[in-house]
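please work out how this folds:
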Amino acid sequence: MFIFANQYILYCLIAVPVLALLFIYCTYKRKADLKRFGDMELLKSLMPGVSYGRPQVKFYLALLALAGLIVICARPQSGAKLETVKRKGLETVVAMDVSNSMLAEDIAPNRLEKTKQMMQKFVDGLDNDKLGMVIFAGKAYTQLPLTADYQAAKMYISNISTGLIRQQGTAIGGAIDLAMRSFSDKEEIGRSIVVITDSENHEDDAVAKAKEAYEKGIIVNVIGVGSLEGGPIPDGRGGFRKDKDGNPVVTKMNEAMGQQIAEAGGGVYVRADNATNAMKVLKEEMDKVAKGETESKVYSEYNEQYQIIAWVVLLLLLLEFCILERKNGFFAKFKLFD
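Numbering: from 1, shown residues only. Model (predicted):
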């Protein structure tokens, strides 16, 4: 398994294309300014020692080296030692709503980001449990099979977005059904499903599916995300989604539906507006579920994998250093950069 120990540093890679575009703009402006003085071929003959290609080569070599340094600082690692670990714990599958309504900003920063923040805290509170994840909108898909690798789980959570599923809708029943099929065959292990949604169900009978899960010994808990007043859905272009009459579409959390699903699933319903309290109540409810022996393969050791990248960065910097900005008398006849 390949991971980054400091994956947040990878956001610095955004600077690479920004710097490249800025350099292209400055190069274009410089050439435009020179053209105002006269014919370019004449100017080149008057400045035989000036190279137009070398500064560009030096810049892009330095830019690639910068990108490599950012990756090194993010500490790429690979799993080195795989161990089979037996623990006393639960199997929990989280079904996360990723429909467009989760972009509403009636709770800060928006429903989806609030959900991801809660999930990170939820994973931090797990101990000897196995976790799986299902995402859903108009359809449900497995995002993460059951695992005890919490670091991998947090990485998957950070990458969740509404763009992962094209078919829109809120198929809560389908998500519960897929979650039920995601557990292991060990009946002695306690099993629970956590549905995180605004409960605007338009696709299926979620209450019936929750009842079916409960009859199979699976507890269904629900975390309601959003507000009763609701809010418009951003369209990604600075405005809001509109209906056929041109009015902004307002999405409201259907708390009654969430409560019905939790009741049918033998679990609890909590609201996400107070994340700390929601996690506390959910943890207390999960602690009531009987724990059994789970077995999983996890990486107990990771090897740093920055060495090859470091050598490439060093080579790029050496090349950048060796290339002179002005033409060299000996190499000028080869015209490598002009």
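
near residue 68, how many other residues are there?
Residue 68 sits with 21 neighbouring residues when counted by other Cβ atoms under 10 Å. Any C-beta I mention is one placed from the backbone N, CA and C, and that applies to glycine too.

what's the closest non-adjacent residue to it?
Ranked by Cβ to Cβ, 6 or more residues apart in numbering and with sequence neighbours excluded, the top spatial neighbour of residue 68 is residue 313, at 3.9 Å.

I'd guessed residue 248 sits against residue 240; true?
Yes. Look at residue 248 against residue 240 with Cβ atoms under 8 Å: they come within range, at 4.5 Å.

who's more crowded, these two?
Regarding residue 248 and residue 240, a neighbour count based on other Cβ under 10 Å identifies residue 240 as having more, with 17 against 13.

which residues touch that one?
Contact analysis of residue 240 by Cβ atoms under 8 Å, 6 or more residues apart in numbering lists 232-234, 248-249.

among those residues, name the buried ones.
Neighbour counting with 16 or more other Cβ atoms under 10 Å marks 232-233, 249 as buried within the contacts of residue 240.

mind listing the strands for this structure?
For the chain, the strands defined by DSSP state E cover 2-4, 76-89, 91-97, 130-136, 140-147, 191-197, 218-224, 231-232, 250-251, 266-271, 292-304.

quick one: list the elements packing against the third one.
Pointing back at strand 91-97 there. Identification of packing neighbours for strand 91-97 by 3 or more Cβ pairs under 8 Å, 6 or more residues apart in numbering; DSSP states H and E yields helix 111-124, strand 130-136, strand 140-147, helix 172-180, strand 191-197.

swap in 6 Å and give it another go.
Under the contact criterion of 3 or more Cβ pairs under 6 Å, 6 or more residues apart in numbering; DSSP states H and E, the helices and strands touching strand 91-97 comprise strand 130-136, helix 172-180, strand 191-197.

run through the stretch 101-250 of the chain and note the low-pLDDT ranges.
Counting by pLDDT under 70, the stretch 101-250 of the chain has low-confidence residues at 201-203.

go through the strands of the chain and name the closest to residue 105.
strand 231-232 (5.7 Å; Cβ to Cβ).

closest one of the contacts of residue 240 to residue 138?
Within those, proximity to residue 138 (Cβ to Cβ) peaks at residue 233, which comes in at 15.2 Å.

if I pick that closest one, what's in contact with it?
Applying Cβ atoms under 6 Å, 6 or more residues apart in numbering, one finds that residue 233 lies in contact with 100-101, 103-104, 241, 249, 251.
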